[in-house]
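Asker: Quick one: sequence and predicted model below, then my questions.
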Amino acid sequence: MAPAEGHTQHSSTDALPGPPISQELAAHSALPALQPAETSPFTLSACHTPIVLATSNTNGAGSLPAAAVVAGCALLFTIGSFWWLNARQGKLKSYAPHSFAAAATRTKTLIRIPLVLFNTGPKPIIVQNLRLVLKGAELKGVTLPWSTTRDRIRPEKDDDPRLPGVFVVNGRVAEQVFAEFSTPYPYFIPELQEYQAVVECKLGHKKEWLTLVDFPIRLGNITSPANYIPYSNEPQELTIEERAKAASALESLRPESN
């Protein structure tokens, strides 16, 4: 009996640590239950949402002035482009001619010049009047009014003379005009020399006369003053006979020689 009792006592002694072990296991098993609560997606999103919203509001407030600047620049570019392409007032340009027609008689002196008028802008330009100013070595300046407009440089019977009239040069368009300038005798009797010619124009949007083109006109190329014929405006050398004949014809027109 004693051994059985001793065995019983030994078993009871080995069973004594049981409750502490169960409590420790229960404590360890309860720890993982806290981890899902700490790493819950709902909790993370709830924490980070205010930060994201605050960042978005900050960026929106900072980009508003930049957007206004871009919109203003686009508006100015649109207005400027429209003005440049459709409403800009251009200039009227012309170029030195390669030829002219001239005559000097006891009635009048005639000079016909082929002009090309180019409007550099989109807005039409109204030409009200033209005139020719000649300057020489001994001539400070003589003005020949615009008398007629012709169809060609060579004077002919079917030349269709037209009185001076206001005309329009449309935007970005070139117009050819055969302008004839004249003055009554004996206001101007040319010499056989080179003159500085200035074609001036009066435009609808300007009050003063403007220089249209400035070029040398070589009236020394005239060989037959009594005949209204064309001549080259390039430098030329007349023969002694041609020059003497032309000079004699012009000299006979001068009042002091009569």
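Answerer: Arrived safely, thanks for sending. Source: prediction; values computed, not measured. Residues are numbered from 1 along each chain as shown.
Asker: Show me the beta-bridge partners of W146.
Answerer: Listed by DSSP bridges, the beta-bridge partners for W146 are F181.
Asker: just the strands in the stretch 51-200 of the chain please.
Answerer: With DSSP state E, counting those that start in this stretch, the ranges of strands along the stretch 51-200 of the chain come out as 92-93, 99-104, 108-119, 125-135, 142-150, 167-169, 174-184, 194-203.
Asker: where does the chain have low pLDDT?
Answerer: Judged by pLDDT under 70, the chain has its weakly predicted residues at 1-64, 258.
Asker: Dump the strands of the stretch 51-200 of the chain to CSV, plus distance to D160.
Answerer: No exception for glycine: its C-beta is placed from N, CA and C like everyone else's. As requested, the strands of the stretch 51-200 of the chain are exported to CSV (distance: least, C-beta to C-beta, whole Å):
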stretch, distance to D160
strand 92-93, 24
strand 99-104, 15
strand 108-119, 13
strand 125-135, 18
strand 142-150, 7
strand 167-169, 15
strand 174-184, 10
strand 194-203, 22
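Asker: Let me know whether Q196 touches P216 as I believe.
Answerer: Yes. Contact status for Q196 versus P216: in contact at 6.0 Å, counting by C-beta atoms under 8 Å.
Asker: Give the residue from these two that has the larger number of neighbours.
Answerer: It is Q196, of Q196 and P216, that has more neighbours when counted by other C-beta atoms under 10 Å, with 15 against 12.
Asker: quick one: the more buried one and A66, what's the gap?
Answerer: According to C-beta to C-beta, to the nearest Å, Q196 stands 59 Å off from A66.
Asker: Same question for R112.
Answerer: Per C-beta to C-beta, R112 is found 64 Å from A66.
Asker: more neighbours, the two?
Answerer: R112 (26 against 9).
Asker: Look up which residues are beta-bridged to the more buried one.
Answerer: A101, E180.
Asker: Isn't it up against F178?
Answerer: Yes. Using C-beta under 8 Å, R112 is in contact with F178, at 6.3 Å.
Asker: Now do the shared contacts for the two.
Answerer: 150, 153 (C-beta atoms under 8 Å, 6 or more residues apart in numbering).
Asker: tally of neighbours for the residue nearest to N170 when sequence neighbours are not counted?
Answerer: Spatial nearest neighbour of N170, excluding adjacent residues (C-beta to C-beta, 6 or more residues apart in numbering): P124 at 5.1 Å. Close neighbours of P124, defined as other C-beta under 10 Å, add up to 14.
Asker: Numbering from 882 from now on, please.
Answerer: With the count now opening at 882, the last piece we talked about shows up as P1005.
Asker: who's in contact with P1005?
Answerer: With C-beta under 8 Å, 6+ apart, P1005 has these contacts: 1049-1052.
Asker: List only buried entries from those.
Answerer: 1050, 1052 (16 or more other C-beta atoms under 10 Å).
Asker: The most centrally placed residue in the chain: what's it in contact with?
Answerer: What sits nearest the mean C-alpha location of the chain, by C-alpha atoms, centre = their mean, is W965, with 6.0 Å. By C-beta under 8 Å, 6+ apart, W965 lies in contact with P1003.
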